[in-house]
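>>> Just the structure for this:
(one chain, ligands or ions: 1)
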Amino acid sequence: MDRILIRGGRVLSGSIPISGAKNAALPLMAAGLLSDGPLTLTNAPDLADVATMAGLLAHHGLDVSRDTSQRSITISGAATDLEAPYDLVRKMRASVLVLGPLLARHGRARVSLPGGCAIGTRPVDLHLKALEQMGAEIEITAGYIEARAPQGLKGARIIFPQVSVGATENILMAAALARGQSEIVNAAREPEITDLAACLMRMGARIEGIGTDRLLVEGVASLSAATHPIIADRIEAGTFACAAAITGGSLLLQGARLDHLGAVTRTLREAGVDVAEEEGGLRVTRSNGLRGADVMTEPFPGFATDMQAQFMALMCVAEGASMITETIFENRFMHVPELSRMGARINFHGASAIVRGVKHLSGAPVMATDLRASVSLILAGLAAEGETIVNRVYHLDRGYERVEAKLAAVGADIERLAGR
Ligand code: EPZ
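Predicted coordinates for the structure are as follows:
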C-alpha cells in the first residue's frame, strides 16, 4: 500500500488548481441514469470514487466514457441491469444514489444496503421513507433494498426530519421524473445539491427554490441530453486553505468560490487567517500567529463536517484552545489519536474535542482511517518538525486528486512512497 512521506517546516506559496467536486460528481453521474440522451460532465475530477461510480453505472449497462484530456465524463444508454450489488456498493456508500434514478426511470431497483463506514452507521432510512411516500413499495431482504414502483413514482410533500445531503439528492432526482409536483421541505442546501439541480434543469427538469431548504419539483415525462460543468471542490479548497494557514504561507486556490465555503471562511478569519477573493479564485494567507477558534459542524452554510479534521490539525498549533464539536457523524474523531502521536494536545468526550495548541508538532508514522482524517495528518506533517509517514493513503485517493503533487508544486517537501 502506498504511503506518503512529508518533511515538515516548509512555507507554502504559489497557486493550486482546485479540481471538480467529488461530492457533486457522484450524484451528477447517478443523474445519467435518468436521461434518454447522453450526459456529459466537464471539470470531472480523477478520483477513485468517481471510477467506482463509473464502474457501477457500467454494471447497470450504461456506457461511461472518460476523456482525460478534456477532463470530461460522458454517460449514455439506459440501464438494463437494475441491481447494484453488495461488492460494488460496499466500496462506496454514495452508490445508494442510483436508487432514486433507477426507480423513477425503470420502476424497479435492487440496491445493496451500503452498510456503515469508519465515521458512522450511515443509515438510509430517510431515503427509503421518502420514496415510499412517493408510492414506492420497499422491502429489505438479505441486505438488499428491493424497491418497486410499477405505476411509476408520484409527486409528494416530503418533510425531512433532519437534513440529509444524500436523501435530498436521491429524492430530487426521483421527483424530476415523478408524476405531478413534489415539495421537499428541510432539504439540504449544500452547493453540490444546487449543482445537481442546475444540471437536472439543463436536462429539462422543472425545479424551483434551488439553493433553499424548500425545493418544488414539477415532474416531467423524460429528461434529455445535456453538458454540465462540475463545480470546484469546496472541501479540497478548504483543505488547501488550511495548508497555507498551518505553514504560515500564502496560496491562490484557483477556481475556489468564497460563497461555497460557508462558515469555514468566518472561522478561518477568526483563527487569524486572511481569506479573500482574487482574480481566478481565493487567496489564503497567514502572516501572524494562529488563534484558537471554536467550531460546531452543521449542514451548509454552517461549518462543513468534511472540514472538521483539517481544521483540528490547524488548531493543534494555534495559540490557545479550540472547542470542536461534531454534530453530523457519531464517530468522526479518528484523527485524534494519530494527531496525538505527533504531540498534539487533544481531549475529547463524546461529540466535543478540546484542542490546546502546542508550539510545534513532531513528525511520526501515522495511520489514515478515513478520507478527511488522512488529509488532516498530511496537514499536520506539513507543520511538524521532522518526518511524517502517512500509511493507507488509499483513503486519500478516494477524494483528493494527486494531493502530494499539488502540495509539492507550492513548496512542500512531500512524496508518495510506492506500496510494498
Ligand atoms: C454526504 O454524505 C457527503 N458524501 C459526506 O462527505 C458528507 O460528510 C455528508 O454528506 C454531510 O455533509 C457525499 O456527498 C458523497 P447525510 P451523506 O445524509 O449524504 C444521517 C466525504 O468525506 N442520516 O447528509 O451520506 C447520517 O447518518 C463524505 O466526502 C440518517 O440518519 O450524509 C448523518 O448522521 C463523508 N438517515 C447525517 O444524517 C439517512 O437516511 C447526515 O448524513 C441519511 C442520513
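>>> ok, and what's touching the helix or strand of the chain with the lowest mean pLDDT?
None of the helices or strands of the chain scores lower by mean pLDDT, DSSP states H and E than helix 394-397, at a mean of 92. Helix 394-397 is contacted by residues 1-2, 4, 47-48, 368-371, 373-375, 378, 390, 403 when judged by Cβ atoms under 8 Å, 6 or more residues apart in numbering. Heads up, the C-betas are built off the backbone N, CA and C, glycines and all.
>>> ditto for stretch 158-165
For stretch 158-165, using Cβ under 8 Å, 6+ apart, the contacting residues are 23, 126-127, 130, 133-134, 167-168, 171, 182-188, 190, 192-193, 213, 299.
>>> now do 7 Å
By Cβ atoms under 7 Å, 6 or more residues apart in numbering, the residues outside stretch 158-165 that reach it are 126, 130, 133, 167, 171, 182-188, 190, 193, 299.
>>> Out of those, list just those in strands.
Within these, residues falling in strands by DSSP state E are 182-185.
>>> about what we covered before: which parts of the least confident helix or strand of the chain are buried?
Neighbour counts using 16 or more other Cβ atoms under 10 Å place 395-397 of helix 394-397 among the buried residues.
>>> How about stretch 381-394?
Neighbour-count burial for stretch 381-394 [16+ other Cβ under 10 Å]: 381-384, 388-393.
>>> do stretch 263-273 as well
So, applying 16+ other Cβ under 10 Å, buried residues of stretch 263-273: 263-265, 267-268, 271-273.
>>> for stretch 58-69, same thing?
Under 16+ other Cβ under 10 Å, the buried positions of stretch 58-69 are 59-60, 62, 64.
>>> TSV please, covering these and showing distance to residue 257, pLDDT and secondary structure.
Listed next are those as TSV, based on distance: Cβ to Cβ, whole Å; pLDDT from 0 to 100; DSSP: H, G, I helix; E, B strand; the rest coil:
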residue	distance to residue 257	pLDDT	secondary structure
59	34	98	helix
60	32	98	coil
62	30	98	coil
64	28	98	strand
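>>> Can you tell me which of the residues you listed is nearest residue 416?
Nearest to residue 416 among those, counting by Cβ to Cβ, is residue 64 at 27.1 Å.
>>> right, and the pair among the buried residues of stretch 381-394 with maximum separation?
Pairwise distances across the buried residues of stretch 381-394 (Cβ to Cβ) peak at 21.2 Å, for the pair 383 and 392.
>>> And the strands in the stretch 151-300 of the chain?
Ranges of strands in the stretch 151-300 of the chain, per DSSP state E, counting those that start in this stretch, are 157-159, 181-185, 206-208, 214-218, 226-229, 250-254, 274-278, 281-285, 295-296.
>>> immediately after the last one, which helix or strand?
So the one you mean is strand 295-296. helix 308-315 (DSSP states H and E).
>>> Walking through the stretch 251-400 of the chain, point out its helices one by one.
263-270, 308-315, 335-341, 371-383, 394-397 (DSSP state H, counting those that start in this stretch).
>>> does residue 404 sit in a helix, a strand or a coil?
Secondary structure state of residue 404, per DSSP: H, G, I helix; E, B strand; the rest coil, is helix.
>>> ok, it to the ligand distance?
Distance, residue 404 to the ligand, by Cβ to the nearest ligand atom, to the nearest Å: 19 Å.
>>> Understood, closing this out.
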